[in-house]
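Enquirer: Predicted structure and sequence below. I'll ask about it afterward.
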Amino acid sequence: LPYSKGFHLVGTLVGAMNPDDLDAMDECIPFTKGTLDNLLGIQHNEESFRHYFNLFMEAQNNRQVQGPSDNLKKSVRWNYNDFLQ
C-alpha cells in the first residue's frame, strides 16, 4: 500500500499526542476500506484492500502476548466483509 503525506501527518499528530494510540493503529482493529482510502488518499480496489487485511491478520496472529489485552487482541477474528464497506 502506498504511504501518503496524509498518512504521515496522521501518524505524526497521533504520535505526538498519544504514542500508545499510534501503536494501536496497527494492532487493535483493522481500518475499514473507506477509512484506509481516506487516510492514504487513494481508492483501493478489493485486491489491494484484501492484501492489507490479510497482512493485518497475519501480524495480529504473530504478535507477542504480554498481557490480557494482547491475548484478547490476538484472539479476535475479524470478518473481512464488515470492513469492506
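Expert: Right, received. Where do you want to start?

Enquirer: quick one, helices of the protein?
Expert: Along the chain, counting by DSSP state H, helices occupy 5-17, 19-24, 33-40, 46-62, 68-75, 80-83.

Enquirer: okay, and the helix or strand of the chain with the least pLDDT?
Expert: Every helix and strand in the chain was compared by mean pLDDT, DSSP states H and E; the lowest is helix 19-24, with a mean of 64.

Enquirer: Let me know the pLDDT of Gly67.
Expert: Per-residue confidence (pLDDT) for Gly67: 83.

Enquirer: What of Phe49?
Expert: Looking at Phe49, its pLDDT is 94.

Enquirer: which residues of this protein score low on pLDDT?
Expert: Scanning the chain for pLDDT under 70 picks out the ranges 1-3, 18-27.

Enquirer: next one: stretch 63-74 to chain centre, how far?
Expert: With Cα atoms, centre = their mean, to the nearest Å as the basis, stretch 63-74 stands 16 Å off its chain's centre.

Enquirer: ok, Phe53 - contacts?
Expert: Shown in contact with Phe53 (Cβ atoms under 8 Å, 6 or more residues apart in numbering): 30, 78, 80, 83. Where you see a C-beta, it was placed from the backbone N, CA and C, and this is true even at glycine.
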